[in-house]
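Undergrad: just need the structure, nothing else, for what follows:
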Amino acid sequence: LKLQFLYFIDMSCKQFTPWKENSKVCEGCRHLEASCLSNISLDMEAALSKVFKKAIISAFPAIESNVPRILIGLGRKGEADYQCNNAMGLAKQLSDLKPPLKMPPMEVAKKIKEHIGDTNGLVASVEPNKQGFINIKVGIPYVQSALEKLTQCGVQPPAVEKQRILVDFSSPNIAKTMHVGHLRSTIIGDSICRLFEFCGHEVHRINHVGDWGTQFGMLIAHLKRECPNFLTTPPDISNLVEFYKAAKVRFDEDADFKKQSYAEVVALQSGDANNLKAWELICDISRKEFSITYDKLNVTLREVGESFYNPIIPDVIKKLDANGQVSLSEGARIITLTNWMDIKKVKPSQVEQSLTSFLVNPKGKEKVNPLLLAEAERIGAAEKTGDAWSIKAGGKNVLVSEMTNEDADKFVKGLQKITKPISEGVLAALESAGYAKKAEGTIAVPAFPIPLIITKSDGGFSYDTTDMAAVWYRTQELKVNRAIYVTDLGQENHFRMVFRAAEDAGWTTHEDGSKIRLDHVGFGTVNGPDGKKYKTRSGDVASLADLLHEACEKAYEIAKERQAEKIEQSAQRAAAGEQREEFIPFTEEEMRSNAEAVGLGAIKYCDLRQNRNSNYIFSSDKMCSLEGNTAMYMQYAYARICSINRKADSKDYKSSPIVLELPCEKNLGLCLLRFPSVVEKTCDNLMPHNITDYLFQLVSCFNDCYNNRTEWKVVGHPLQNSRLQLCEATAVTLKKGLELIGILTVNKI
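TA: I've put the predicted structure just below:
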C-alpha cells in the first residue's frame, strides 16, 4: 500500500523544449519528432474543431463572419474515428446568401476536404460520404504523443473562457432532518461545482437553507413555553427534530399557541432581540447536524439562507413596481407573465397545473368550472346527483363543496384521458375562463399558468418574493455570469417564472451587453422497491444519514466476505506450493475506511449515472455490485491498474515512447483523449451522467486490453514501458473523472 503508483500527480508539469515548426514522424518509433509536446492537444475534439473551422473559412470566405458551431462527433465503428457533420447545415446557409450559392452537402464536404491544410499529424485521412458527413481518421503518431503528454502533464481541463458561476444546491430546512430528497440536490450540485472548478471558473457554492418564515414563529413560541429562561440558560434541544414535532402538534391543536406563533414571526421579522437570539440558537443546532452529513459526503457549501435576503426585499419590490411588473389581485401584489405558447409544446404537468389553477379552485365560490365537470362526467371522473356534484379524487368520491386542495390535485391527475391530448371539452372550459385561445390552427395557452406572488394579502412575503430578491442580488450585486439552481423537477415551473420575471426586469444582461445564463437543474425522485418514494419500514421519509449508513454497511459486509475468500484462496495456493504475490489482509481500520469510500461512492455514482430527470430505485445490493456500470466497478478497475504497477515495480518507464500496437490500445488511447470534450459538454448541459457514461466506456476500453491475455501483457513484455504509461494515463483520467463526481479511489480493494 505504501507504493505510490500515482506519485507524479502532485508534481508540477515538466518543462518542454519548443516544437520545431514542422514536426516529422520518426521512423523508429512512429512518433512525431519528440522535441516538444506544446503543439499536441489533449482534447481531440477541440483540436479537430480548429482544423475544420479553418478549412470551412478557407473554403467559404463569404461566411467568415458567421461561421456555425463546428460539429465533431464520434465516427461509426470500423469506418472512422470521428465525423464532421457541418456540410448539411452549411449547404442551407450558403443557399441563403445573396447571391445564393447552391451546393449539395456532398460537394460542400468535398470542398472542405480540399481546404484542410497541415494538421501537424492530427488528421491521417478525410473522406466525405454520400450524405455529406466527413469521416475522419486521426494520426496514430499524434495520438501516441498526446498520450505521452498526458502522462507528463496530467489530466487537463478544456480551454474555456473563465466565468463567475453560482450554484444553489442542497438547501435543507432549518430544524428538520436532511432526508433522502436532499440526496440528489446535494450530490448533483456538488458534481456540477467540481466540474466548473476543474475548468478554472470562480464558483460560488451556495446553500439556500430555509431559515426564515412561519415555522420559526412556531419554534420560538414553543421554546419560550418550554424553556422560558433560554436566554440565560440555553436548553439542550440537540434533538431538534423531536422539538419541531412537538411544536407542530401544539400548533395544530392549540389555537392560542397558533396565535402566539404568528405574533412571534412578526416580532422576529421586525428585529426583536430576544426572538433573534432564539432563532440563532435553533439555526446553530441545525448547522451542526448538517455539517456532519456534508463532511461525510465531502461536500462544501457557503450558507446564504432565506434570511439573508429579507433586508433587501422591500427595495427589490420597489424596483419591480417601478418596472410596471406588479399588479394587485384580491389584496395581493402579483407578477403575471402573460406570454402564450403552443399547447403542443407544453408539458403535461403544466397542463395539469393550468387546470388546477384556473378551473379547479377550492378557495373560490365556483369550486370547479362547469364545463370541466361536464367533460369529467363523460369519462366517469365526476357525477351529478340533484344539484350536487362529486368528483373522483384518488379512488374516492368527494363532494365538490367539501373538496380540499389535495382532492383537487388528485382529481386533475385522474383526467389524463381528456388532457393527453386535450379534448374539445377541456379546451372549451379553458377558453371560457380566458386561459386558452385558438390562433392560426394552433391552441395557445399561457406559458406560466399561475402568477408570482410578491406580497400576500396580509402583507407577508412569500417563497416567490425571496427568490426574486435572490436572483436580483446574484445578477446585480454578485454580477455572476451564470446562476444554476438545483432542485427537484416539481419546482421547474416556479424557476422558469422567476427567470422570466428577472429577464423582463432587465436583470439578465450585464452593462457590457453580455447575457447572464440562468439554469434550473431538475431531478426525479429516489424510490423504494415498490416504485414509490423511498421510506423507512415505519413509513417515514428516510433520513439521508440512514441511507448513507446503509450503503457503507453493505460495502463493509462485501469487503469482509471477499477478504475471507482471499485468505482461504491464499492458504490453498500456499499449501499447493504456488509462488504468487502474498495476500496481506486489511486491518479493521483499513476495511472500514475502504468500505466508507466504496459505500459513499456507490450512492453517488448510482445517483449520477441516471439521467437526472429520471426517478430511480435505491438498492444497496445493486449499487455495490462489482459488475456493470457501478462505482465499485470503477474503483476495482483503478485498484487493478495499481496492482499492475506494483508487480512491474518500474521507475523509469516514461523514458520509453508509447506505442499503440494493438487495435484495443488505439481505442483506449482515443477514449482517453475524449475526456476534456466530455467535461465541456457536461458544463453546458449540466447532465452529470455524461461523466459516468464516459468513465464506463473508458474502463471498458481498458478491460478490452487487460482481458486480451494472449496479446496484451504488461510485466516482462518488450512493450512493458509503453503499456505502463497507458495504464498510468487510464488511472489518472479515471481518478480525475471520479473526483469530479465526488468519489474517492482506493489503491487496493
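Undergrad: can you list contacts of stretch 686-702?
TA: The contact list for stretch 686-702 (Cβ atoms under 8 Å, 6 or more residues apart in numbering) reads 188, 191-192, 195, 484, 519, 521, 605, 608-612, 629, 633-634, 637, 641, 664, 667-668, 671-672, 674-675, 678-679, 681-682, 727, 730, 733-734, 737-738, 740-741. In short, each C-beta sits where N, CA and C put it, glycine included.
Undergrad: can you list the buried residues in it?
TA: 686-692, 694-696, 698-699, 701-702 (16 or more other Cβ atoms under 10 Å).
Undergrad: skip the chain neighbours and tell me the closest residue to Ala637.
TA: Val699 (4.5 Å; Cβ to Cβ, 6 or more residues apart in numbering).
Undergrad: show the average pLDDT along the helix or strand that that neighbour is a member of.
TA: Assigning secondary structure by DSSP states H and E places Val699 in helix 689-706. Per-region confidence: helix 689-706 scores 97 on mean pLDDT.
Undergrad: can you give me how far it is from the chain middle?
TA: 20 Å (Cα atoms, centre = their mean, to the nearest Å).
Undergrad: so which elements touch the next helix or strand after that helix?
TA: Downstream of helix 689-706, the first helix or strand assigned by DSSP H and E is helix 720-740. Packing contacts for helix 720-740, counted by 3 or more Cβ pairs under 8 Å, 6 or more residues apart in numbering; DSSP states H and E, involve helix 140-153, helix 181-198, helix 631-648, helix 663-672, helix 675-685, helix 689-706.
Undergrad: separation between Lys319 and Gly459?
TA: Lys319 sits 19 Å away from Gly459, taking Cβ to Cβ, to the nearest Å as the criterion.
Undergrad: try His201
TA: For His201 relative to Gly459 (Cβ to Cβ), the value is 41 Å.
Undergrad: more crowded one of the two?
TA: Set side by side, His201 and Gly459 show more neighbours around His201, with 20 against 10, by other Cβ atoms under 10 Å.
Undergrad: hang on, that one packs against Val167?
TA: No: the pair His201 / Val167 is not scored as a contact, 10.2 Å apart, by Cβ atoms under 8 Å.
Undergrad: which members of the contacts of stretch 686-702 are classed as buried?
TA: If we count by 16+ other Cβ under 10 Å, these have these buried: 188, 191-192, 195, 484, 519, 521, 605, 608-610, 612, 629, 633-634, 637, 641, 664, 667-668, 671-672, 674-675, 678-679, 681-682, 727, 730, 733-734, 737-738, 740-741.
Undergrad: spatially central residue for the chain, please.
TA: Central residue of the chain (Cα atoms, centre = their mean): Ile188, 4.2 Å from the mean position.
Undergrad: looks like it contacts Arg612 (just checking).
TA: Yes: with contacts defined as Cβ under 8 Å, Ile188 counts as touching Arg612 at a distance of 5.9 Å.
Undergrad: which residues do those two both contact?
TA: 521, 523, 688.
Undergrad: and those residues, which is closest to Met106?
TA: Pro688 (38.3 Å; Cβ to Cβ).
Undergrad: can you pull the phi and psi angles for the closest one?
TA: When read as degrees, to the nearest 10, the backbone of Pro688 gives phi -60, psi -20.
Undergrad: equivalent analysis for Ala388, please.
TA: Dihedral angles for Ala388 - degrees, to the nearest 10 - are phi -100, psi 130.
Undergrad: repeat that for Pro105.
TA: Torsion angles, degrees, to the nearest 10, at Pro105: phi -50, psi -40.
Undergrad: OK, contacts around it?
TA: Per Cβ under 8 Å, 6+ apart, neighbours of Pro105: 87-88, 90-91, 131-132.
Undergrad: now, these that are in helices?
TA: Using DSSP state H, the members of the contacts of Pro105 that fall in helices are 87-88, 90-91.
Undergrad: please convert the residues you listed to a markdown table, extending it with pLDDT, distance to Ala381 and neighbour count.
TA: As requested, the ones in helices among the contacts of Pro105 are exported to a markdown table (pLDDT from 0 to 100; distance: Cβ to Cβ, whole Å; neighbours: other Cβ atoms under 10 Å):
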| residue | pLDDT | distance to Ala381 | neighbour count |
| --- | --- | --- | --- |
| Ala87 | 95 | 53 | 26 |
| Met88 | 94 | 48 | 17 |
| Leu90 | 96 | 53 | 23 |
| Ala91 | 95 | 52 | 19 |
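Undergrad: tell me which two of those sit farthest apart.
TA: Farthest pair in these, by Cβ to Cβ: Met88 and Leu90, 7.3 Å.
Undergrad: and stretch 687-698, C-alpha only, in PDB?
TA: Taking Å, rounded to 0.1, in the frame of the first residue of the first chain, the C-alpha atoms of stretch 687-698 are listed here in PDB:
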ATOM      1  CA  MET A 687     -26.100  16.300 -17.100                       C
ATOM      2  CA  PRO A 688     -23.500  14.500 -14.900                       C
ATOM      3  CA  HIS A 689     -24.400  11.100 -16.400                       C
ATOM      4  CA  ASN A 690     -22.200  12.200 -19.300                       C
ATOM      5  CA  ILE A 691     -19.200  11.800 -17.000                       C
ATOM      6  CA  THR A 692     -20.300   8.300 -15.700                       C
ATOM      7  CA  ASP A 693     -21.100   7.100 -19.200                       C
ATOM      8  CA  TYR A 694     -17.600   8.200 -20.300                       C
ATOM      9  CA  LEU A 695     -15.900   6.500 -17.300                       C
ATOM     10  CA  PHE A 696     -17.700   3.300 -18.000                       C
ATOM     11  CA  GLN A 697     -16.600   3.400 -21.700                       C
ATOM     12  CA  LEU A 698     -13.000   4.200 -20.500                       C
END
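Undergrad: now it, how far from the chain's geometric center?
TA: 12 Å.
Undergrad: buried residues in stretch 124-141?
TA: Quick answer for stretch 124-141 (16+ other Cβ under 10 Å): 126, 128-129, 132-136, 138-141.
Undergrad: could you identify the most distant pair in those?
TA: Gly132 and Pro141 (29.0 Å).
Undergrad: in which helix or strand would I find Leu97?
TA: Residue-wise, Leu97 maps onto no helix or strand under DSSP H and E.
Undergrad: try Ala124
TA: Going by DSSP H and E, Ala124 is in strand 123-128.
Undergrad: parallel or antiparallel, list what pairs with that strand.
TA: Taking DSSP bridges as the criterion, strand 123-128 pairs within the sheet with strand 134-138 (antiparallel).
Undergrad: any regions of the stretch 501-650 of the chain where pLDDT drops low?
TA: 535-541, 579-582, 626 (pLDDT under 70).
Undergrad: repeat that for 80
TA: For the stretch 501-650 of the chain, residues meeting the criterion pLDDT under 80 lie at 530-543, 577-583, 619-628.
Undergrad: spatially nearest residue to Ala740, not counting backbone neighbours?
TA: Check again: residue 740 is Leu, not Ala. Arg194 (4.8 Å).
Undergrad: report the contact partners of that neighbour.
TA: Arg194 neighbours (Cβ under 8 Å, 6+ apart): 739-742.
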